[in-house]
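Undergrad: Need coordinates for the below:
(3 chains)
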Amino acid sequence: MPELPEVETVKRTLKEKLPGLTICGVNIYLPKIIQTPSPEEFCHLVVDKRILDVGRRGKYLLISLSRGLMLVVHLRMTGRLVYTATDEPRSKHTHLIFHLNNGHQLRFTDMRQFGRFWLVPAKEFKTVSGLKDLGVEPLSGEFTIDFFKKELKKRRTRLKTLLLDQTFISGLGNIYVDEALHRAGLHPSRQANTLTPGEVEALFQTIREVLEEGIASRGTSVRDYVDGTGQAGTFQEKLRVYGKSGRPCMRCGKTIERLRLGGRSAYFCPGCQK
DNA sequence: AGTCAAACCTGGGCGC
DNA sequence: TGCGCCCAGGTTTGAC
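TA: Numbering: from 1, shown residues only, chains lettered A, B, ... in the order given. Okay, here's the model as predicted:
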């Protein structure tokens, strides 16, 4: 499910609910989702801790707890983290419930069981796998056109593969990469170091644009995604190529195609993406 | 360095 | 109704 705009929306919605609340109990129904420490230790450590803040880095949610602890969550494909009333019936895919001291709960639900939790000392949160090697935040000031130009020049891989690489830019996923490439008029198989300065600038702009519009639409709910209050997003209504093979391109009218690249689908328009 | 496939899972959609 | 296939917002690992 979630790419940067979805995780950012979950972060914002949970940040309105959780800070100030105390975790007074935990139920773990699927122990393997706890990466570290052991499920027993996880329960022991998390209980009676206060939630201080909710943050995001790439596609990771960072929940700061009292006593210097950090709860790190990755939703992977179908994970949901939702602030829920206690009387709500539990779904068959709810794998973890935090009980909060205001009578509400924070539930983790994940049909495909790929999502993961880590509980670590806040100072050591970079020990979480993948987190320490994350690339730049595309909506932050450290993502600059100069950086982007220099990096693209160094890489010989395909654009689609490169933009999905979380150690290069953090937070992009399959949907927003395809949408950014289409808006920039660039083919997903294009070799990164062959872009003209104008093409690099266009891509730089469209990456930020699709992410910002995605956040403004509260995420893309093509299937399972909901925010921290259980609400779906609307960016699926604005998609131009993702999931649209066989349909006409809204810019040039040619039929949108699907390509297989490194095990992932790439949707693109053969007419206007060069 | 880059490319690919497989693994982790459940479920929806399609053709037959 | 059912079977067999392919597909799915991600990441990791290991082979070439």
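
Undergrad: Does DNA strand B have contacts with stretch A:104-114?
TA: Yes: residues of stretch A:104-114 are located near DNA strand B by Cβ under 7 Å from any atom of the strand, namely A:111, A:112, A:113, A:114. For the C-beta atoms, the positions are set from N, CA and C on the backbone; glycine is no exception.

Undergrad: How about the contacts made by the first one?
TA: Looking back up the chat, that one is residue A:111. Residues near residue A:111 by Cβ atoms under 8 Å, 6 or more residues apart in numbering: A:78, A:93, A:224.

Undergrad: How many neighbouring residues does the last one have?
TA: Spelled out, it's residue A:224. Number of residues near residue A:224 (other Cβ atoms under 10 Å) recorded here: 18.

Undergrad: ditto for the first one
TA: Neighbourhood size, residue A:78 [other Cβ under 10 Å]: 18.

Undergrad: Correct me if wrong: it contacts residue A:108.
TA: No: with contact defined as Cβ atoms under 8 Å, residue A:78 does not reach residue A:108; the gap is 11.1 Å.

Undergrad: shared neighbours, the two?
TA: The contact sets of residue A:78 and residue A:108 overlap at residue A:115 (Cβ under 8 Å, 6+ apart).

Undergrad: Return the list of helices and strands in contact with the lowest-mean-pLDDT helix or strand in chain A.
TA: Here the helix or strand of chain A ranked lowest by mean pLDDT, DSSP states H and E is strand A:257-261, holding a mean of 94. Where contact means 3 or more Cβ pairs under 8 Å, 6 or more residues apart in numbering; DSSP states H and E, strand A:257-261 is packed against strand A:264-268.

Undergrad: Provide the contact partners of the strand it packs on at residue level.
TA: For strand A:264-268, contacts defined as Cβ under 8 Å, 6+ apart pick out A:160, A:164, A:174, A:178, A:181-182, A:187-189, A:241-245, A:256-260.

Undergrad: again, 6 Å this time
TA: For strand A:264-268, contacts defined as Cβ atoms under 6 Å, 6 or more residues apart in numbering pick out A:160, A:174, A:178, A:188, A:241, A:242, A:245, A:258, A:259.

Undergrad: from those, which are also near DNA strand B?
TA: Of the contacts of strand A:264-268, not one also sits near DNA strand B (Cβ under 7 Å from any atom of the strand).

Undergrad: Which of the residues you listed sits closest to DNA strand C?
TA: For those, the residue nearest DNA strand C by Cβ to the nearest atom of the strand is residue A:174; the value is 3.5 Å.

Undergrad: Return the distance of the closest one relative to DNA strand B.
TA: Residue A:174 is 13 Å from DNA strand B, where distance means Cβ to the nearest atom of the strand, to the nearest Å.

Undergrad: Quick check: phi and psi at that residue.
TA: For residue A:174, the backbone dihedrals (degrees, to the nearest 10) come out as phi -60, psi -40.

Undergrad: can you tell me which residues contact it?
TA: Contacts of residue A:174 by Cβ under 6 Å, 6+ apart are residue A:264.

Undergrad: can you list the residues of the stretch 101-250 of chain A near DNA strand C?
TA: A:112, A:114, A:129-130, A:164, A:166, A:173-175, A:220-225.
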